[in-house]
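J.: Give me a model of this one.
(2 chains)
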Amino acid sequence: GENVEQHPSTLSVQEGDSAVIKCTYSDSASNYFPWYKQELGKRPQLIIDIRSNVGEKKDQRIAVTLNKTAKHFSLHITETQPEDSAVYFCAAWVRGDTPLVFGKGTRLSVIA
Amino acid sequence: EPEVTQTPSHQVTQMGQEVILRCVPISNHLYFYWYRQILGQKVEFLVSFYNNEISEKSEIFDDQFSVERPDGSNFTLKIRSTKLEDSAMYFCASRTGTGPYEQYFGPGTRLTVT
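T.: Numbers count the residues shown, from 1 in each chain, chains lettered A, B, ... in the order given. Next comes the predicted model:
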């Protein structure tokens, strides 16, 4: 089955700097890659996603890149703010009723 | 905007007791999921449900677990005889039958087994 690896497990950046979180996946059939932000005690919230027919997607300060050949995808947050502090999870999905397979998460701390 | 809802928000139970966690998916969604998250760990898949039957389940989803969609709106997860290691946050999620593929998560039920 699908396996998703995520790095780093923790990341501290100064406010205004960029943050990059990387994930790799194992199943070449995976074709949808969402990123979720989870604040303490809250539900995972989708912040951006990308499908396998697209190499890059951007939404304001957040961007995701996908390299299908290498089977890895990354989340980029620019101009980080303290409210970006949370745990970020990447995930991969194949089709239909198959579940999302999550990475282990990255705890991002943005230091003011 | 419609949301997935879950009740209760927190459930405390004694080991060996049965618990039922309830979810109301978004009304036009067709795929339903249960995930769990042990404190500080990643979100893990339990079971998916489509067309009134289980479509996939993980190794975690053993005979102690069952799911049901008793009516047109509720989706329940039952744990027959809880164990200490069942303590976790349980999330329900749902999505439409066609694209987009986003799964919408409920707020979760924190289950504490003592």
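J.: where does chain B dip in pLDDT?
T.: Where chain B drops to pLDDT under 70, the residues are B:99-100.
J.: For it, which residues are neighbours of chain A?
T.: Proximity of chain B to chain A is confined to B:31, B:33, B:35, B:41-45, B:48, B:50, B:55-56, B:58, B:91, B:100-103, B:105-108 under the rule C-beta under 8 Å from any C-beta of the partner chain. For glycine as for every other residue, the C-beta is placed from the backbone atoms N, C-alpha and C.
J.: Return the subset of the residues you listed lying in strands.
T.: Among the residues of chain B next to chain A, the ones falling in strands (DSSP state E) are B:Y31, B:Y33, B:Y35, B:E44, B:F45, B:S48, B:Y50, B:S55, B:E56, B:F91, B:F105.
J.: how close does the third one sit to A:T78?
T.: What that stands for is B:Y35. 30 Å (C-beta to C-beta, to the nearest Å).
J.: Settle it for me: which of the two has more neighbours?
T.: B:Y35 (27 against 14; other C-beta atoms under 10 Å in any protein chain shown).
J.: That one: what's it in contact with?
T.: Listed by C-beta atoms under 8 Å, 6 or more residues apart in numbering or on different chains, the contact set of B:Y35 reads A:P99, A:L100, B:V43, B:E44, B:F45, B:L46, B:Y90, B:F91, B:C92, B:A93, B:F105.
J.: In contact with the spatially most central residue of chain B, which residues?
T.: The centre of chain B sits closest to B:W34, judged by C-alpha atoms, centre = their mean, with a distance of 3.2 Å. Each residue near B:W34 by C-beta under 8 Å, 6+ apart is listed here: B:L21, B:C23, B:L46, B:V47, B:V67, B:L77, B:Y90, B:F91, B:C92, B:A93.
J.: The one helix or strand the last one maps to pairs with which strands, parallel or anti?
T.: Meaning B:A93. Using DSSP states H and E, B:A93 falls within strand B:88-95. Partners of strand B:88-95 in the sheet, by DSSP bridges, are strand B:31-37 (antiparallel), strand B:104-105 (antiparallel), strand B:109-113 (antiparallel).
J.: Identify each buried residue in it, please.
T.: Within strand B:88-95, the residues that count as buried by 16 or more other C-beta atoms under 10 Å in any protein chain shown are B:A88, B:M89, B:Y90, B:F91, B:C92, B:A93, B:S94, B:R95.
J.: same question, stretch A:19-27
T.: A:A19, A:V20, A:I21, A:K22, A:C23, A:T24, A:Y25, A:D27.
J.: would you turn these into CSV with pLDDT, distance to B:S81 and secondary structure?
T.: CSV is the format used below for those (pLDDT from 0 to 100; distance: C-beta to C-beta, whole Å; DSSP: H, G, I helix; E, B strand; the rest coil):
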residue, pLDDT, distance to B:S81, secondary structure
A:A19, 98, 43, strand
A:V20, 98, 45, strand
A:I21, 98, 39, strand
A:K22, 98, 41, strand
A:C23, 98, 36, strand
A:T24, 97, 38, strand
A:Y25, 96, 35, strand
A:D27, 91, 34, coil
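J.: Among these, find me the one that's closest to chain B.
T.: A:C23 (11.7 Å; C-beta to the nearest C-beta).
J.: Kind regards, and thank you for your time.
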